[in-house]
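Engineer: Sequence plus the predicted model coming up.
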Amino acid sequence: MSTRVANEVSRRQFLISSGVAVAAACLTPPRLFAQKGLVEIALKESATAKVTVQELRRNISVLLGPGGNIAVLTGQDGKLLVDAEVVSARPNVTAALASINADPIKQLINTHWHFDHTGGNDWLHQAGASILAHENTRKRLSVATRVEGWVYTFPAAPAGAIPTAVFQDEHTVHFNGSTLALKHYAPAHTDSDISVHFTEADVLHTGDTFWNREYPFIDYSTGGSIDGQIRAAEANLAKASATTVVIPGHGAVGGKSDLTLFRDVLIEAREKVARLKKQGRTVEEVISAKPTAPYDAEWGQGFQSPKSFLGWVYQGV
Ligand SMILES: [Zn+2]
Ligand SMILES: [Zn+2]
């Protein structure tokens, strides 16, 4: 399966990142488990990481690559993309888009401001796309923005990368005969997260409010929190039916049962970590207690090691 290839690539990539996180462990909190070097490694590795195409429903496909998953809607209006990958993935994203068909790229929607979802904004804009996002995505991209969790300050994005249309709470897009319902989450993974629901096909892109069988990154620097991430997981569950196809920010395409599992893992981790913290345990002691042990082997293989994830949870309880 093509999906499998993409997962293996990202696994390899982020195992390297985990090593970097360990190297940063001598720093003092809250940077203790910060992922110094992760952005640089992602930029380097994304230049060669595979991008595969998986067909979903109607005229919707998903591109699975090194960064955030891209949804692609095709038709007579041209291509509409949800998210834009890491900038260095451009050659492989270009090839993947061309493999679907030759339709021009006309519209881009960003699920949030992070570099692995907006990195391609500038070149996609130059290729013909208008960019739509939440107003906080425009705000974050317009100025230099620090992410403590990655020990990295992103410079202001180039003019072409800035969304030209923004909204606050919800917005509807009509494109290629499809209705797209866009909805802002209360601050969750960041303060700029939106969901995109392709209504007729019942395909839901959650951005980074859902990671399928991977521990999530939580960006406290730009409004994220474990409690917000849990609230967003509940909101996703409320939107999904048993037949909804769900595109996570990272990981394989899933469904309602995967959303339920993600929500349950977050809640369990939050409860256990909060209890230990209340007992006066330090973050190192919480990590040593392995409160997420049953999930670590699988869920810690992605973007976030169990250690990093527990660090983000500890910070917010
Ligand atoms: Zn992401
Ligand atoms: Zn993100």
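Structural biologist: Noted; the coordinates are in hand. Ligands and ions are numbered 1, 2, ... in the order given.

Engineer: Spell out which residues of the chain are next to ligand 2.
Structural biologist: 114, 208 (C-beta under 5 Å from the ion). No exception for glycine: its C-beta is placed from N, CA and C like everyone else's.

Engineer: C-terminal to the lowest-mean-pLDDT helix or strand in the chain, what's the next element?
Structural biologist: Counting by mean pLDDT, DSSP states H and E, the weakest-scoring helix or strand in the chain turns out to be helix 2-23, with a mean of 37. Scanning forward in sequence from helix 2-23 by DSSP states H and E, the next helix or strand is helix 38-46.

Engineer: what comes up buried for that following helix?
Structural biologist: The neighbour-count check on helix 38-46 (16 or more other C-beta atoms under 10 Å) flags 38, 39, 41, 42, 43, 45, 46 as buried.

Engineer: wait, doesn't the last one sit right on residue 84?
Structural biologist: No - the pair formed by residue 46 and residue 84 falls short of the contact definition of C-beta atoms under 8 Å, at 11.9 Å.

Engineer: Need the residues touching each of these two.
Structural biologist: When C-beta atoms under 8 Å, 6 or more residues apart in numbering defines a contact, the residues bordering residue 46 and residue 84 alike are residue 119.

Engineer: residue contacts, residue 289?
Structural biologist: For residue 289, the contact set (C-beta under 8 Å, 6+ apart) comprises 276, 281.

Engineer: how close does it get to residue 281?
Structural biologist: Distance of residue 289 to residue 281, computed by C-beta to C-beta, to the nearest Å: 7 Å.

Engineer: where are the low-confidence patches of the chain?
Structural biologist: Applying pLDDT under 70 to the chain flags the ranges 1-33.

Engineer: how about the strands of it, start to end?
Structural biologist: 52-55, 60-64, 70-73, 79-82, 105-109, 130-134, 145-147, 152-154, 165-167, 170-175, 178-184, 194-198, 203-205, 245-247 (DSSP state E).

Engineer: how distant is the third one from the center of its chain?
Structural biologist: The reference is to strand 70-73. Once both centres are worked out by C-alpha atoms, centre = their mean, to the nearest Å, strand 70-73 turns out to sit 14 Å from its chain's centre.

Engineer: Can you list the strands that that strand pairs with?
Structural biologist: Applying DSSP bridges to the sheet, strand 70-73 is found paired with strand 60-64 (antiparallel), strand 79-82 (antiparallel).

Engineer: CSV for the buried residues of helix 38-46, including distance to residue 195?
Structural biologist: Formatted as CSV, these follow (distance: C-beta to C-beta, whole Å):
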residue, distance to residue 195
38, 25
39, 25
41, 29
42, 24
43, 27
45, 28
46, 24
